[in-house]
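Chemist: structure for this input, please:
(2 chains)
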Amino acid sequence: MLEVKNLKKSFGDKKVLKGIDLTINRGDIIGIIGPSGCGKSTFLRCLNLLEKPDSGEVILEGDNLVDNKDLERIRRKIGMVFQQFNLFENMTVLDNITLAPTLLKVMKKGKAEKEADKLLDKVDLKDKKNNYPEELSGGQKQRVAIARSLMMKPEIMLFDEPTSALDPEMIGEVTNLMRQLAKEGMTMVIVSHEINFIKNFCTRVVFMSDGVIQEEGTSEDIFMNPKNSKLKNFLSKINNI
Amino acid sequence: MKKKIFILLIICLLFLTGCSSKKKTLVLVTEAGFAPYEYYQNGQIVGIDIDIGREIAKELGMELEIKDVAFDSIISEVKTEKSDIGAAGISYTEERAKEVDFSIDYMESKQILITKKNSSLKDLSMLNNQKVAVQLGSIADEYLTENYKDLTIIREKKFLAAIQDLKDDKVDAVAMDEIPAKELLENDMIILEEALTTDHYGMIVKKGNEELLNKVNKVIQRLKDTKEIDNIVLKHMGLREESTPKKQNIVDKFYYSIIYDGRYKYILEGLKNTLLIALGAVLLGILLGGIAAISRNIYDNTNRLKLLNDISKIYVTVIRGTPSTLQLMIIYYIIFKAVPVNIVLVGILAFGINSGAYVAEIIRAGFNSVPKGQKEAGYALGLHYWQVTSRIVIPEALKNILPALGNEFITLVKETSIGAYIGIVELTKASDIIASRTYDYFFPLIIIAMIYLCITMILSKLIEKMEVKLNHARSKKS
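Modeler: Residues are numbered from 1 along each chain as shown, chains lettered A, B, ... in the order given. So this is what the prediction gives:
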């Protein structure tokens, strides 16, 4: 459903992505791992054009997002969850969730609020709907952020280090929610440092280093039978901790 | 279409200009703080120059209109035809004669020195190495600068400030015109007998306006021939004791500064204009600053509106990089050169344009203070630039913008005091008018300072309330 072709991106002189190709199929749960600064977050942000690639294509169901005049309409189909949650600080939980669908006239206000209630129930935060983000814990914020994305009924969701800013005891509540989404058949792309979570949760794993995909395969391929020397090196460092 | 509007605008301008040249009034420009030549009485500007001006108007069969501006602005007023005649005890100098045409002289004035009675400075031969206060740009200033190289010359904006320096023993003497000096002499002061120099007062008209100049000369000659001019001078001399006694306690000072001769009316007028200009300028400033900030934000985020972005950048750079007094005078004397226009409106325009540049930067900084992630979350949901800006960036930026904006408005209220340059009677000018009648420079200033303080304190409170409201809306809604 999502196809990436020869994606390149530089920041000034620094080449971050040096030509990436990847095909994502419906129902895939793809984990992206790699050393810090290898470009995995940049790659993820290129998938919904938050970062504009220098060249290459990002094609969602036949539409190329790069230089697309109707980019905003396509973005609705791509949910995104950020490391820092990025809830709208000036709005209540309910307003955070209903803003986009009502502004974009996807739903009427009443319908949006009903839908929001359902989703808040799902992420177990029904009692917080009139609170402001600053009154929530990290885990609660991230669950609101996920609910906010789900309102637009996305076909694919991007997770950019969704648990990195959380206290350890809150990681579970977010990963559990992600597992539930997976069960419902959501297509996901996850950048994370939680190697164990990636290993157990993802159907496919992509290892990036130096701006290119060094190796990709099933979780078992990557973690049990790594072939690429950089991947081996990376895994040995992690296992030493 | 645009061309048509432009042509229409030009025609309107020409029409306005045409009207102004056919007017039935003679505009005399002066600085009314120079008794007995020109001063305020019962809210009217009167004096020797004004009486002569009235005779000239009569000769021309026109109404006389009097305009009160800063002395520095009088030549510009005449040069740009904002006024027809300048009459403010203006001494003839070669330099001034290059800018405007002088009439024949109607008065001879000696430049003299005022000292304290107990001063060791007794005559001009002893004048060196002392400190002498003068009014900036006056004949006394020019003369002393030219001829007494060892003197320390303190140049004050008003000669009343120079007198205040002498009262406070900050200087050894004040150099100024003899006739106003007699009016403001305190009991412990004397005028040295020997004059520094003698100069001649003339009226000024725009260079080349011989028709008017001839009429002015004719009237002055007639007044001199018939000795009428001596009567005019006598009429305006010796009014000091009546209008303001020299010995005063604090209650007297209050009485003569505020109540006597309805002087509070100057303050009320000043207060009205100060508030009017500040309010108008604030609104215009927010409008211009908002447009500039938003067009820059649009360009930074979407690469659109490059021209407006560039204009905004230049606007902010130019306005922030030049003194506001200069901007005010450029707008009045150059841009509105040939157009009759309400000066309060010019004040609103000038201060509004000035403030807008600062507001633009305040708003821009506020926009930039919103974390990038907030915008990205909006874009990721499929919102457009304008939806993100209006629903997320602006509301969040507001809480950073508001305190800085409040600060800017408080500055603006105080800055309106330079409006006097083009003749706006705002608070500071009101205090100058009163001081020119009471010969007490400080007391009205203190009253005005207290009024400014009250205005800014009320403003601060209002802003504080808005801030609290803004924060409450967030944390107390639940």
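
Chemist: how about A:Arg26, secondary structure?
Modeler: Assigned state for A:Arg26: coil (three-state reduction, DSSP: H, G, I helix; E, B strand; the rest coil).

Chemist: and it, what does it touch?
Modeler: With contact taken as C-beta atoms under 8 Å, 6 or more residues apart in numbering or on different chains, A:Arg26 is in contact with A:Met1, A:Glu155, A:Gly185, A:Thr187. In short, each C-beta sits where N, CA and C put it, glycine included.

Chemist: for chain B, what are the nearby residues on chain A?
Modeler: For chain A, the residues in contact with chain B (C-beta under 8 Å from any C-beta of the partner chain) are A:48, A:50, A:72-76, A:78-80, A:82, A:84, A:86-90, A:92, A:99-100, A:103-104, A:130-132, A:134-135, A:145, A:148-149, A:152.

Chemist: list only buried entries from the contacts of A:Arg26.
Modeler: By neighbour count, with 16 or more other C-beta atoms under 10 Å in any protein chain shown, the contacts of A:Arg26 hold A:Met1, A:Glu155, A:Thr187 as buried.

Chemist: ok, now which ones touch the closest residue to the last one other than its chain neighbours?
Modeler: I take that to be A:Thr187. Closest residue to A:Thr187 apart from its sequence neighbours, by C-beta to C-beta, 6 or more residues apart in numbering or on different chains: A:Ile156 at 4.3 Å. The neighbours of A:Ile156, taking C-beta under 8 Å, 6+ apart as the test, are A:Met1, A:Leu2, A:Ile24, A:Leu60, A:Lys77, A:Ile78, A:Gly79, A:Met186, A:Thr187, A:Met188, A:Val189.

Chemist: which one's the longest helix in chain A?
Modeler: In terms of residue count, the longest helix belonging to chain A (DSSP state H) is helix A:168-183.

Chemist: for A:Glu113, phi and psi?
Modeler: Its backbone dihedrals place A:Glu113 at phi -70, psi -40, with angles given as degrees, to the nearest 10.

Chemist: show residues contacting whatever helix or strand comes next after the longest helix of chain A.
Modeler: Reading on from helix A:168-183 to the C-terminus, the next helix or strand found by DSSP states H and E is strand A:187-191. Applying C-beta under 8 Å, 6+ apart, the contact partners of strand A:187-191 are A:1-2, A:24-32, A:40-41, A:43-44, A:47, A:155-162, A:178, A:181-182, A:198, A:201-202.

Chemist: same for the helix or strand following strand A:187-191, what does it pack against?
Modeler: In the C-terminal direction, the helix or strand that comes right after strand A:187-191 (DSSP H and E) is helix A:195-201. Applying 3 or more C-beta pairs under 8 Å, 6 or more residues apart in numbering or on different chains; DSSP states H and E, one finds that helix A:195-201 contacts strand A:29-33, helix A:168-183, helix A:219-224.

Chemist: if we use 7 Å, what do you get?
Modeler: In terms of contacts (3 or more C-beta pairs under 7 Å, 6 or more residues apart in numbering or on different chains; DSSP states H and E), helix A:195-201 is packed against strand A:29-33.

Chemist: let me know the next secondary structure element after the strand it packs on.
Modeler: Elements were assigned by DSSP H and E; along the chain past strand A:29-33, the next helix or strand is helix A:40-47.

Chemist: could you tell me the angle between that next one and strand A:187-191?
Modeler: Counting by axes from the mean of the first three to the mean of the last three C-alpha atoms, to 10 degrees, helix A:40-47 points 150 degrees away from the direction of strand A:187-191.

Chemist: just the residues contacting the helix or strand following helix A:40-47, thanks.
Modeler: For helix A:40-47, the following helix or strand on the C-terminal side (DSSP H and E) is strand A:55-60. Defining contact as C-beta atoms under 7 Å, 6 or more residues apart in numbering or on different chains, one finds that strand A:55-60 is touched by A:1-8, A:46-47, A:64-66, A:74, A:77-78.

Chemist: strand A:55-60 to helix A:40-47, inter-axis angle?
Modeler: Angular relation of strand A:55-60 and helix A:40-47 on a 0 to 180 degree scale: 70 degrees, by the same axes, to 10 degrees.

Chemist: and strand A:55-60, which strands flank it?
Modeler: Based on DSSP bridges, the strands next to strand A:55-60 in the sheet, each with its direction, are strand A:2-11 (antiparallel), strand A:63-64 (antiparallel).

Chemist: then it to PDB, C-alphas only?
Modeler: As requested, C-alpha coordinates have been extracted for strand A:55-60 and formatted as PDB (Å, rounded to 0.1, in the frame of the first residue of the first chain):
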ATOM      1  CA  SER A  55      14.400  13.400  -4.400                       C
ATOM      2  CA  GLY A  56      12.600  10.100  -4.700                       C
ATOM      3  CA  GLU A  57       8.900   9.100  -4.300                       C
ATOM      4  CA  VAL A  58       6.500   8.200  -1.500                       C
ATOM      5  CA  ILE A  59       3.500   6.600  -3.000                       C
ATOM      6  CA  LEU A  60       0.400   5.800  -1.000                       C
END
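
Chemist: so which bits of that strand are buried?
Modeler: Within strand A:55-60, the residues that count as buried by 16+ other C-beta under 10 Å are A:Gly56, A:Val58, A:Leu60.
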